[in-house]
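[1] Next one to model:
(one chain, ligands or ions: 2)
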Amino acid sequence: MHPWTPDSWRGRPALQLPAYPDAPSLQTVERRLQALPALIFPGEISQLRERLAAVSRGEAFLLQGGDCAESFDEFGQEPVESTFRVILQMAVVLTYAAACPVVKVGRIAGQFAKPRSSDTETAGGVTLPSYRGDIINGSEFSPAARQPDPARLLQAYSHSASTLNLLRALAQGGFADLHEVHRWTADFVRRSPQGERFEELADRITQSLAFMEACGFDATRAPQLHAVEFYTSHEALHLHYEEALARYDERKQRWYGASAHMLWLGERTRQPEGAHVEFLRGIDNAVGVKIGPSAKPDDVLRLMDLLDPGQQPGRLVLIARMGADKVAERLPPLLRAVRQAGRTPVWCCDPMHGNTVTSSNGYKTRDFERILQEMSLFFAAHAQEGTYPGGLHFEMTGQDVTECRGGAQALTDARLEERYRSACDPRLNGSQSLELAFRIADVLKSARR
Ligand SMILES: O=C[C@H](O)[C@H](O)COP(=O)(O)O
Ligand SMILES: C=C(OP(=O)(O)O)C(=O)O
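    Ligands and ions are numbered 1, 2, ... in the order given. Next up is the predicted model:
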(Lines give C-alpha, C1' and ligand atoms only; values in the text may rest on other atoms or scores of the structure.)
(Ligands and ions follow the chains in the order given, each with its own letter.)
Protein backbone atom coordinates (compact mmCIF):
# COMPACT_ATOMS: atom_id res chain seq x y z
CA MET A 1 0.00 0.00 0.00
CA HIS A 2 1.37 3.44 -0.93
CA PRO A 3 2.19 5.85 1.91
CA TRP A 4 -0.64 8.02 3.24
CA THR A 5 -0.35 11.75 3.79
CA PRO A 6 -3.13 14.22 4.68
CA ASP A 7 -3.11 15.38 1.05
CA SER A 8 -2.66 12.02 -0.71
CA TRP A 9 -6.39 12.11 -1.57
CA ARG A 10 -5.56 14.87 -4.07
CA GLY A 11 -4.15 12.28 -6.45
CA ARG A 12 -7.48 10.41 -6.58
CA PRO A 13 -10.82 11.13 -8.26
CA ALA A 14 -12.82 13.25 -5.83
CA LEU A 15 -16.58 13.16 -6.42
CA GLN A 16 -19.10 15.65 -5.04
CA LEU A 17 -16.59 18.46 -4.47
CA PRO A 18 -17.23 21.91 -5.95
CA ALA A 19 -14.92 23.57 -8.47
CA TYR A 20 -13.86 26.78 -6.72
CA PRO A 21 -13.45 29.57 -9.28
CA ASP A 22 -10.94 31.36 -7.02
CA ALA A 23 -8.25 28.76 -6.17
CA PRO A 24 -5.87 31.19 -4.37
CA SER A 25 -8.66 32.20 -1.93
CA LEU A 26 -9.31 28.55 -1.17
CA GLN A 27 -5.61 28.03 -0.39
CA THR A 28 -5.56 31.06 1.91
CA VAL A 29 -8.54 29.68 3.81
CA GLU A 30 -6.94 26.23 4.06
CA ARG A 31 -3.80 27.76 5.58
CA ARG A 32 -5.90 29.67 8.11
CA LEU A 33 -7.75 26.52 9.10
CA GLN A 34 -4.47 24.65 9.52
CA ALA A 35 -3.38 27.25 12.06
CA LEU A 36 -6.60 27.09 14.11
CA PRO A 37 -6.98 24.87 17.18
CA ALA A 38 -8.22 21.30 16.87
CA LEU A 39 -11.93 20.97 17.67
CA ILE A 40 -11.51 17.43 18.99
CA PHE A 41 -8.62 15.82 20.88
CA PRO A 42 -7.07 12.38 20.39
CA GLY A 43 -8.07 11.11 23.85
CA GLU A 44 -11.75 11.71 23.03
CA ILE A 45 -11.39 9.81 19.78
CA SER A 46 -9.85 6.84 21.60
CA GLN A 47 -12.66 6.94 24.13
CA LEU A 48 -15.33 6.80 21.42
CA ARG A 49 -13.51 3.92 19.78
CA GLU A 50 -13.53 2.03 23.08
CA ARG A 51 -17.27 2.65 23.37
CA LEU A 52 -17.83 1.43 19.81
CA ALA A 53 -15.70 -1.63 20.49
CA ALA A 54 -18.19 -2.44 23.27
CA VAL A 55 -21.00 -2.03 20.73
CA SER A 56 -19.28 -4.42 18.35
CA ARG A 57 -19.13 -7.00 21.16
CA GLY A 58 -22.89 -6.59 21.73
CA GLU A 59 -22.38 -4.86 25.09
CA ALA A 60 -23.76 -1.45 24.11
CA PHE A 61 -25.91 0.25 21.49
CA LEU A 62 -25.13 3.20 19.20
CA LEU A 63 -27.58 6.06 18.71
CA GLN A 64 -26.51 8.54 16.05
CA GLY A 65 -28.72 11.40 14.95
CA GLY A 66 -29.12 15.03 14.03
CA ASP A 67 -29.77 17.38 11.15
CA CYS A 68 -29.57 16.41 7.53
CA ALA A 69 -27.60 19.61 7.04
CA GLU A 70 -26.83 22.17 9.72
CA SER A 71 -27.49 25.72 8.70
CA PHE A 72 -25.58 28.94 9.37
CA ASP A 73 -28.88 30.84 9.59
CA GLU A 74 -30.78 28.51 11.91
CA PHE A 75 -28.04 28.81 14.45
CA GLY A 76 -28.33 29.52 18.14
CA GLN A 77 -28.87 27.78 21.43
CA GLU A 78 -32.40 26.49 20.81
CA PRO A 79 -31.83 24.19 17.80
CA VAL A 80 -28.74 22.62 19.36
CA GLU A 81 -30.28 22.26 22.80
CA SER A 82 -33.53 20.77 21.50
CA THR A 83 -31.76 18.16 19.38
CA PHE A 84 -29.44 17.27 22.24
CA ARG A 85 -32.45 16.92 24.54
CA VAL A 86 -34.31 14.55 22.22
CA ILE A 87 -31.22 12.41 21.72
CA LEU A 88 -30.94 12.15 25.53
CA GLN A 89 -34.60 11.16 25.75
CA MET A 90 -34.27 8.54 23.03
CA ALA A 91 -31.16 7.19 24.72
CA VAL A 92 -32.97 6.91 28.07
CA VAL A 93 -35.86 5.04 26.43
CA LEU A 94 -33.48 2.61 24.73
CA THR A 95 -31.24 2.19 27.79
CA TYR A 96 -34.24 1.43 29.95
CA ALA A 97 -35.67 -1.08 27.49
CA ALA A 98 -32.48 -2.90 26.59
CA ALA A 99 -30.65 -2.46 29.89
CA CYS A 100 -27.46 -1.62 28.08
CA PRO A 101 -25.40 1.55 27.67
CA VAL A 102 -26.26 3.76 24.71
CA VAL A 103 -23.39 5.53 22.94
CA LYS A 104 -24.68 8.95 21.87
CA VAL A 105 -23.29 10.51 18.68
CA GLY A 106 -24.75 13.65 17.09
CA ARG A 107 -24.81 14.52 13.40
CA ILE A 108 -23.82 17.93 14.64
CA ALA A 109 -21.06 20.53 15.00
CA GLY A 110 -19.80 20.02 11.44
CA GLN A 111 -22.58 18.46 9.33
CA PHE A 112 -22.42 21.15 6.66
CA ALA A 113 -21.60 19.42 3.34
CA LYS A 114 -24.15 17.55 1.23
CA PRO A 115 -23.67 15.13 -1.65
CA ARG A 116 -26.29 15.65 -4.37
CA SER A 117 -27.82 13.45 -7.04
CA SER A 118 -27.55 16.23 -9.61
CA ASP A 119 -24.99 19.01 -10.08
CA THR A 120 -27.68 21.46 -11.10
CA GLU A 121 -31.20 22.48 -10.20
CA THR A 122 -33.73 24.06 -12.57
CA ALA A 123 -36.61 26.29 -11.48
CA GLY A 124 -38.75 28.66 -13.55
CA GLY A 125 -36.61 27.92 -16.61
CA VAL A 126 -33.39 28.92 -14.78
CA THR A 127 -30.63 26.36 -14.13
CA LEU A 128 -28.17 26.91 -11.27
CA PRO A 129 -25.63 24.76 -9.37
CA SER A 130 -27.31 22.59 -6.72
CA TYR A 131 -27.16 23.60 -3.09
CA ARG A 132 -24.37 21.51 -1.49
CA GLY A 133 -24.54 22.54 2.13
CA ASP A 134 -23.65 25.79 3.89
CA ILE A 135 -19.94 25.01 3.91
CA ILE A 136 -20.03 25.23 0.10
CA ASN A 137 -22.83 27.54 -1.09
CA GLY A 138 -26.16 29.05 -0.05
CA SER A 139 -29.57 27.41 -0.39
CA GLU A 140 -31.26 30.52 -1.82
CA PHE A 141 -32.01 30.05 -5.53
CA SER A 142 -29.84 32.82 -6.96
CA PRO A 143 -26.60 32.76 -8.99
CA ALA A 144 -24.71 34.61 -6.22
CA ALA A 145 -25.82 32.26 -3.41
CA ARG A 146 -25.07 29.12 -5.40
CA GLN A 147 -21.49 30.16 -6.16
CA PRO A 148 -19.06 28.08 -4.03
CA ASP A 149 -17.34 30.43 -1.59
CA PRO A 150 -14.15 29.38 0.30
CA ALA A 151 -14.89 31.83 3.15
CA ARG A 152 -17.72 29.46 4.12
CA LEU A 153 -15.13 26.93 5.37
CA LEU A 154 -14.10 29.38 8.10
CA GLN A 155 -17.72 30.02 8.99
CA ALA A 156 -18.29 26.26 9.25
CA TYR A 157 -15.31 25.96 11.60
CA SER A 158 -16.55 28.78 13.78
CA HIS A 159 -20.13 27.41 13.93
CA SER A 160 -18.77 23.98 14.76
CA ALA A 161 -16.62 25.41 17.56
CA SER A 162 -19.57 27.29 19.11
CA THR A 163 -21.87 24.29 18.80
CA LEU A 164 -19.29 22.01 20.35
CA ASN A 165 -18.79 24.43 23.20
CA LEU A 166 -22.52 24.37 23.93
CA LEU A 167 -22.70 20.58 23.61
CA ARG A 168 -19.84 20.11 26.07
CA ALA A 169 -21.62 22.44 28.53
CA LEU A 170 -24.95 20.63 28.09
CA ALA A 171 -23.37 17.20 28.47
CA GLN A 172 -21.20 18.02 31.47
CA GLY A 173 -22.75 21.05 33.16
CA GLY A 174 -25.84 19.65 34.90
CA PHE A 175 -28.46 19.69 32.11
CA ALA A 176 -27.95 15.98 31.38
CA ASP A 177 -28.17 14.98 35.07
CA LEU A 178 -30.62 12.06 35.35
CA HIS A 179 -32.27 13.86 38.27
CA GLU A 180 -33.37 16.46 35.66
CA VAL A 181 -35.04 13.89 33.37
CA HIS A 182 -38.46 15.57 33.69
CA ARG A 183 -37.09 18.80 32.23
CA TRP A 184 -35.96 17.25 28.95
CA THR A 185 -39.37 17.16 27.27
CA ALA A 186 -40.20 20.04 24.94
CA ASP A 187 -43.64 21.62 25.44
CA PHE A 188 -44.98 20.48 22.07
CA VAL A 189 -44.01 16.87 22.88
CA ARG A 190 -45.25 16.93 26.50
CA ARG A 191 -48.89 17.01 25.40
CA SER A 192 -48.52 14.06 22.99
CA PRO A 193 -48.97 10.32 23.80
CA GLN A 194 -45.21 9.76 23.66
CA GLY A 195 -44.66 12.83 25.86
CA GLU A 196 -46.97 11.27 28.45
CA ARG A 197 -45.24 7.91 28.06
CA PHE A 198 -41.89 9.60 28.60
CA GLU A 199 -43.18 11.32 31.74
CA GLU A 200 -44.18 7.89 33.14
CA LEU A 201 -40.68 6.58 32.40
CA ALA A 202 -39.16 9.70 33.96
CA ASP A 203 -41.28 9.09 37.09
CA ARG A 204 -39.98 5.52 37.33
CA ILE A 205 -36.38 6.72 36.97
CA THR A 206 -36.88 9.43 39.60
CA GLN A 207 -38.45 6.90 41.99
CA SER A 208 -35.60 4.42 41.40
CA LEU A 209 -33.00 7.11 42.13
CA ALA A 210 -34.86 8.14 45.30
CA PHE A 211 -35.09 4.50 46.39
CA MET A 212 -31.39 3.87 45.83
CA GLU A 213 -30.46 7.06 47.65
CA ALA A 214 -32.75 6.09 50.56
CA CYS A 215 -30.87 2.77 50.70
CA GLY A 216 -27.61 4.64 51.19
CA PHE A 217 -26.38 4.84 47.58
CA ASP A 218 -24.35 8.04 47.31
CA ALA A 219 -25.40 9.61 43.99
CA THR A 220 -22.76 12.33 44.33
CA ARG A 221 -20.14 9.62 43.80
CA ALA A 222 -21.68 8.36 40.53
CA PRO A 223 -20.59 10.77 37.76
CA GLN A 224 -22.60 8.75 35.20
CA LEU A 225 -25.79 10.09 36.79
CA HIS A 226 -24.78 13.71 36.46
CA ALA A 227 -23.23 13.96 33.00
CA VAL A 228 -23.20 12.12 29.68
CA GLU A 229 -20.60 11.39 27.07
CA PHE A 230 -21.73 12.97 23.82
CA TYR A 231 -19.75 12.64 20.59
CA THR A 232 -19.95 14.50 17.28
CA SER A 233 -19.91 13.24 13.69
CA HIS A 234 -20.44 14.37 10.13
CA GLU A 235 -19.94 13.17 6.58
CA ALA A 236 -16.29 13.64 5.59
CA LEU A 237 -17.26 15.08 2.23
CA HIS A 238 -15.38 18.35 2.00
CA LEU A 239 -11.84 17.05 1.85
CA HIS A 240 -10.18 20.48 1.68
CA TYR A 241 -11.74 21.21 5.07
CA GLU A 242 -10.96 17.78 6.54
CA GLU A 243 -7.34 17.89 5.36
CA ALA A 244 -6.87 21.35 6.85
CA LEU A 245 -8.14 20.01 10.18
CA ALA A 246 -6.03 16.83 10.19
CA ARG A 247 -3.65 16.91 13.15
CA TYR A 248 -0.74 14.72 14.20
CA ASP A 249 -0.86 13.02 17.58
CA GLU A 250 2.75 12.86 18.75
CA ARG A 251 1.97 10.41 21.53
CA LYS A 252 0.36 7.79 19.29
CA GLN A 253 2.30 8.87 16.22
CA ARG A 254 -0.91 8.82 14.22
CA TRP A 255 -2.92 11.39 12.27
CA TYR A 256 -6.45 12.11 13.30
CA GLY A 257 -9.32 14.19 11.97
CA ALA A 258 -9.78 17.06 14.41
CA SER A 259 -13.16 18.20 13.02
CA ALA A 260 -15.32 15.51 14.73
CA HIS A 261 -15.01 12.36 16.83
CA MET A 262 -16.43 10.18 14.06
CA LEU A 263 -16.42 10.81 10.32
CA TRP A 264 -18.37 8.87 7.75
CA LEU A 265 -18.16 8.11 4.06
CA GLY A 266 -21.34 8.69 2.09
CA GLU A 267 -23.00 6.24 -0.25
CA ARG A 268 -21.95 8.40 -3.21
CA THR A 269 -18.26 8.73 -2.28
CA ARG A 270 -17.23 5.26 -1.12
CA GLN A 271 -15.36 4.21 -4.29
CA PRO A 272 -12.32 2.13 -3.18
CA GLU A 273 -10.01 4.09 -5.50
CA GLY A 274 -11.61 7.43 -4.69
CA ALA A 275 -10.31 10.43 -2.77
CA HIS A 276 -12.67 10.06 0.20
CA VAL A 277 -11.65 6.49 1.02
CA GLU A 278 -8.02 7.54 0.62
CA PHE A 279 -8.37 10.36 3.17
CA LEU A 280 -10.28 8.33 5.73
CA ARG A 281 -7.96 5.34 5.63
CA GLY A 282 -5.15 7.43 7.16
CA ILE A 283 -6.84 8.98 10.17
CA ASP A 284 -7.36 7.38 13.54
CA ASN A 285 -11.02 8.35 14.18
CA ALA A 286 -13.94 6.00 14.23
CA VAL A 287 -15.09 5.79 10.63
CA GLY A 288 -18.58 5.10 9.31
CA VAL A 289 -19.41 3.84 5.83
CA LYS A 290 -22.87 4.13 4.31
CA ILE A 291 -23.86 0.89 2.63
CA GLY A 292 -26.69 1.17 0.10
CA PRO A 293 -28.66 -1.49 -1.77
CA SER A 294 -26.18 -1.74 -4.66
CA ALA A 295 -23.31 -2.87 -2.40
CA LYS A 296 -22.10 -6.44 -2.96
CA PRO A 297 -20.33 -8.53 -0.29
CA ASP A 298 -16.99 -8.07 -2.06
CA ASP A 299 -17.43 -4.28 -2.13
CA VAL A 300 -17.98 -4.23 1.62
CA LEU A 301 -15.04 -6.54 2.36
CA ARG A 302 -12.75 -4.49 0.12
CA LEU A 303 -13.73 -1.27 1.93
CA MET A 304 -13.11 -2.95 5.27
CA ASP A 305 -9.64 -4.05 4.12
CA LEU A 306 -8.80 -0.52 3.01
CA LEU A 307 -10.20 1.31 6.01
CA ASP A 308 -9.42 -1.16 8.75
CA PRO A 309 -6.58 -3.45 7.67
CA GLY A 310 -5.62 -4.10 11.30
CA GLN A 311 -9.20 -5.14 12.20
CA GLN A 312 -9.21 -2.85 15.21
CA PRO A 313 -12.25 -3.00 17.48
CA GLY A 314 -14.38 0.15 17.36
CA ARG A 315 -12.80 1.48 14.18
CA LEU A 316 -15.57 0.78 11.65
CA VAL A 317 -19.30 1.40 11.69
CA LEU A 318 -21.15 0.00 8.67
CA ILE A 319 -24.32 2.04 8.24
CA ALA A 320 -26.85 0.09 6.16
CA ARG A 321 -29.33 2.36 4.30
CA MET A 322 -31.11 -0.02 2.03
CA GLY A 323 -34.74 1.13 1.94
CA ALA A 324 -37.62 -0.72 3.57
CA ASP A 325 -38.41 -2.64 0.37
CA LYS A 326 -34.84 -3.90 -0.18
CA VAL A 327 -33.34 -4.46 3.27
CA ALA A 328 -34.68 -8.00 3.79
CA GLU A 329 -33.13 -9.17 0.52
CA ARG A 330 -29.89 -7.13 0.36
CA LEU A 331 -28.66 -6.98 3.95
CA PRO A 332 -28.39 -10.68 4.97
CA PRO A 333 -25.75 -11.63 2.33
CA LEU A 334 -23.60 -8.72 3.54
CA LEU A 335 -23.97 -9.67 7.21
CA ARG A 336 -23.08 -13.26 6.32
CA ALA A 337 -20.00 -12.36 4.26
CA VAL A 338 -18.66 -10.03 6.95
CA ARG A 339 -19.25 -12.62 9.69
CA GLN A 340 -17.63 -15.37 7.61
CA ALA A 341 -14.60 -13.12 7.06
CA GLY A 342 -14.23 -13.05 10.86
CA ARG A 343 -14.92 -9.32 11.05
CA THR A 344 -16.90 -7.63 13.80
CA PRO A 345 -17.69 -4.06 12.77
CA VAL A 346 -20.53 -2.16 14.35
CA TRP A 347 -23.62 -2.63 12.16
CA CYS A 348 -25.96 0.31 12.27
CA CYS A 349 -29.25 1.03 10.45
CA ASP A 350 -29.99 4.34 8.70
CA PRO A 351 -33.69 3.96 7.87
CA MET A 352 -33.89 7.43 6.33
CA HIS A 353 -31.88 7.55 3.11
CA GLY A 354 -33.42 4.58 1.32
CA ASN A 355 -36.96 5.78 2.02
CA THR A 356 -37.12 9.27 0.52
CA VAL A 357 -40.17 10.02 -1.67
CA THR A 358 -41.83 13.09 -3.13
CA SER A 359 -45.19 14.12 -1.67
CA SER A 360 -48.20 14.95 -3.83
CA ASN A 361 -47.43 18.66 -3.28
CA GLY A 362 -43.75 18.37 -4.25
CA TYR A 363 -41.92 18.04 -0.90
CA LYS A 364 -39.14 15.55 -0.31
CA THR A 365 -40.49 13.45 2.53
CA ARG A 366 -40.29 10.10 4.33
CA ASP A 367 -43.01 7.96 5.91
CA PHE A 368 -42.78 7.18 9.60
CA GLU A 369 -44.04 3.62 9.04
CA ARG A 370 -41.45 2.90 6.30
CA ILE A 371 -38.70 4.11 8.63
CA LEU A 372 -39.99 1.84 11.36
CA GLN A 373 -40.34 -1.04 8.92
CA GLU A 374 -36.73 -0.76 7.73
CA MET A 375 -35.51 -0.77 11.33
CA SER A 376 -37.59 -3.82 12.23
CA LEU A 377 -36.33 -5.68 9.15
CA PHE A 378 -32.75 -4.69 10.04
CA PHE A 379 -33.19 -6.32 13.46
CA ALA A 380 -34.79 -9.38 11.83
CA ALA A 381 -31.89 -9.77 9.38
CA HIS A 382 -29.40 -9.78 12.27
CA ALA A 383 -31.48 -12.33 14.17
CA GLN A 384 -31.47 -14.54 11.07
CA GLU A 385 -27.70 -14.24 10.54
CA GLY A 386 -26.65 -14.43 14.19
CA THR A 387 -25.04 -10.97 14.16
CA TYR A 388 -25.57 -8.01 16.47
CA PRO A 389 -27.73 -5.05 15.38
CA GLY A 390 -25.55 -2.39 16.95
CA GLY A 391 -27.18 0.93 16.30
CA LEU A 392 -29.50 3.40 14.62
CA HIS A 393 -28.72 6.50 12.57
CA PHE A 394 -31.39 9.19 12.04
CA GLU A 395 -31.93 12.53 10.41
CA MET A 396 -33.87 14.26 13.16
CA THR A 397 -34.28 17.49 15.06
CA GLY A 398 -35.75 18.39 18.43
CA GLN A 399 -37.83 21.12 16.80
CA ASP A 400 -41.47 20.95 15.80
CA VAL A 401 -40.90 20.72 12.04
CA THR A 402 -43.29 19.08 9.56
CA GLU A 403 -41.00 17.23 7.15
CA CYS A 404 -41.72 13.49 7.54
CA ARG A 405 -45.25 12.07 7.17
CA GLY A 406 -47.13 10.00 9.72
CA GLY A 407 -46.41 9.09 13.31
CA ALA A 408 -48.91 9.73 16.08
CA GLN A 409 -49.21 13.33 14.86
CA ALA A 410 -50.49 11.79 11.58
CA LEU A 411 -48.72 14.41 9.45
CA THR A 412 -50.13 14.45 5.95
CA ASP A 413 -48.94 15.92 2.64
CA ALA A 414 -51.12 18.97 3.20
CA ARG A 415 -49.38 19.75 6.50
CA LEU A 416 -45.78 19.45 5.24
CA GLU A 417 -45.71 23.10 4.19
CA GLU A 418 -46.56 24.31 7.73
CA ARG A 419 -43.02 24.10 9.05
CA TYR A 420 -40.81 22.48 6.39
CA ARG A 421 -37.41 24.00 7.23
CA SER A 422 -34.82 21.52 5.94
CA ALA A 423 -32.78 22.83 3.02
CA CYS A 424 -32.11 19.26 1.91
CA ASP A 425 -33.64 16.05 3.32
CA PRO A 426 -36.68 15.67 5.63
CA ARG A 427 -36.04 15.10 9.34
CA LEU A 428 -38.10 13.45 12.04
CA ASN A 429 -39.34 16.06 14.50
CA GLY A 430 -38.94 15.79 18.30
CA SER A 431 -42.23 14.02 18.76
CA GLN A 432 -41.70 11.51 15.92
CA SER A 433 -38.16 10.78 17.15
CA LEU A 434 -39.34 9.95 20.64
CA GLU A 435 -42.21 7.86 19.30
CA LEU A 436 -39.76 5.90 17.19
CA ALA A 437 -37.55 5.25 20.23
CA PHE A 438 -40.54 3.79 22.09
CA ARG A 439 -41.64 1.72 19.10
CA ILE A 440 -38.16 0.26 18.59
CA ALA A 441 -37.39 -0.25 22.30
CA ASP A 442 -39.27 -3.55 22.49
CA VAL A 443 -37.57 -4.87 19.36
CA LEU A 444 -34.20 -3.96 20.84
CA LYS A 445 -35.08 -5.61 24.12
CA SER A 446 -35.85 -8.92 22.44
CA ALA A 447 -32.85 -8.61 20.08
CA ARG A 448 -30.56 -8.30 23.09
CA ARG A 449 -32.13 -11.32 24.72
O1 LIG B 1 -28.96 13.94 2.54
C2 LIG B 1 -28.53 13.32 1.62
C3 LIG B 1 -28.30 13.72 0.24
O4 LIG B 1 -27.68 14.93 0.18
C5 LIG B 1 -29.56 13.73 -0.42
O6 LIG B 1 -30.31 12.59 -0.12
C7 LIG B 1 -29.38 13.86 -1.88
O8 LIG B 1 -30.49 14.46 -2.26
P9 LIG B 1 -30.85 14.79 -3.75
O10 LIG B 1 -31.22 13.51 -4.40
O11 LIG B 1 -32.00 15.73 -3.60
O12 LIG B 1 -29.66 15.45 -4.36
C1 LIG C 1 -26.10 11.84 2.30
C2 LIG C 1 -26.32 11.06 3.34
O3 LIG C 1 -26.53 9.75 3.26
P4 LIG C 1 -26.16 8.73 2.12
O5 LIG C 1 -24.71 8.93 1.81
O6 LIG C 1 -26.44 7.42 2.77
O7 LIG C 1 -27.05 9.01 0.98
C8 LIG C 1 -26.40 11.59 4.71
O9 LIG C 1 -26.43 10.79 5.66
O10 LIG C 1 -26.45 12.80 4.86
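[2] how deep is the closest residue to Ala341 other than its chain neighbours tucked in, by neighbour count?
    Spatial nearest neighbour of Ala341, chain neighbours left out: Leu301 (5.7 Å); criterion: Cβ to Cβ, 6 or more residues apart in numbering. The way it works is simple: take the backbone N, C-alpha and C, and place the C-beta from them, glycine included. Applying other Cβ atoms under 10 Å, we find 16 residues neighbouring Leu301.
[3] Over to the one 4 residues further on?
    Each residue near Asp305 was counted by other Cβ under 10 Å, and the total is 15.
[4] what about it, helix or strand, and which?
    helix 297-307 (DSSP states H and E).
[5] May I see the buried residues of that helix?
    Neighbour-count burial for helix 297-307, with 16 or more other Cβ atoms under 10 Å as criterion, is recorded at Asp299, Val300, Leu301, Leu303, Met304, Leu306, Leu307.
[6] Can you give me every residue that contacts the fifth one?
    Contacts were defined as Cβ atoms under 8 Å, 6 or more residues apart in numbering; by that measure Met304 touches Leu316, Val338, Ala341, Arg343, Pro345.
[7] Check Gln27 too.
    Taking Cβ under 8 Å, 6+ apart as the test, Gln27 contacts no residue whatsoever.
[8] Chain neighbours aside, what residue packs nearest to the residue positioned nearest the centre of the chain?
    In the chain, the residue lying closest to the centroid (Cα atoms, centre = their mean) is Arg107, at 3.7 Å. Spatial nearest neighbour of Arg107, chain neighbours left out: Gly66 (3.2 Å); criterion: Cβ to Cβ, 6+ apart.
[9] Compute the number of surrounding residues for the one you found.
    The number of residues near Gly66, taken as other Cβ under 10 Å, comes to 27.
[10] Bridged to it, which residues?
    Beta-bridge pairing for Gly66 (DSSP bridges): Arg107, Glu395.
[11] Name the residue of the chain that lies nearest to ligand 2.
    Gly266 (3.2 Å; Cβ to the nearest ligand atom).
[12] which phi and psi does that residue have?
    phi -80, psi 160 (degrees, to the nearest 10).
[13] doesn't Ser117 make contact with it?
    No - Gly266 is beyond contact range of Ser117, at 11.7 Å (criterion: Cβ atoms under 8 Å).
[14] Compare neighbour counts for the two and give me the winner.
    Gly266 (22 against 6).
[15] How about the contacts made by that one?
    Gln16, Pro115, Glu235, Leu237, His276, Lys290.
[16] List the residues that contact the first one.
    With Cβ under 8 Å, 6+ apart as the criterion, the residues that contact Gln16 are Pro115, Arg116, Arg132, Leu237, Gly266, Arg268, Thr269.
[17] about what we covered before: could you tell me which of the contacts of Met304 count as buried?
    Applying 16+ other Cβ under 10 Å to those flags Leu316, Val338, Arg343, Pro345 as buried.
[18] Sort out for me which of those are in helices.
    Using DSSP state H, Val338 are the members of the buried ones among the contacts of Met304 that sit in helices.
[19] How far does stretch 27-44 stretch from one end to the other?
    The first and final residues of stretch 27-44 sit 29 Å from each other (Cα to Cα, to the nearest Å).
[20] and that stretch, which residues are buried?
    Quick answer for stretch 27-44 (16+ other Cβ under 10 Å): Val29, Glu30, Leu33, Leu39, Ile40, Pro42.
[21] May I see those residues arranged in JSON lines, with pLDDT, secondary structure and distance to Val181 as well?
    Formatted as JSON lines, those follow (pLDDT from 0 to 100; DSSP: H, G, I helix; E, B strand; the rest coil; distance: Cβ to Cβ, whole Å):
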{"residue": "Val29", "pLDDT": "98", "secondary structure": "helix", "distance to Val181": "43"}
{"residue": "Glu30", "pLDDT": "98", "secondary structure": "helix", "distance to Val181": "44"}
{"residue": "Leu33", "pLDDT": "98", "secondary structure": "helix", "distance to Val181": "39"}
{"residue": "Leu39", "pLDDT": "98", "secondary structure": "coil", "distance to Val181": "29"}
{"residue": "Ile40", "pLDDT": "97", "secondary structure": "coil", "distance to Val181": "28"}
{"residue": "Pro42", "pLDDT": "97", "secondary structure": "helix", "distance to Val181": "32"}
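[22] Quick check: Ser25 touching Leu153?
    No - applying Cβ under 8 Å, one finds Ser25 not in contact with Leu153, separated by 10.1 Å.
[23] which parts of this structure sit against ligand 2?
    Residues of the chain lying close to ligand 2 (Cβ under 6 Å from any ligand atom) are Cys68, Pro115, Glu235, Gly266, Glu267, Arg268, Lys290, Arg321, His353.
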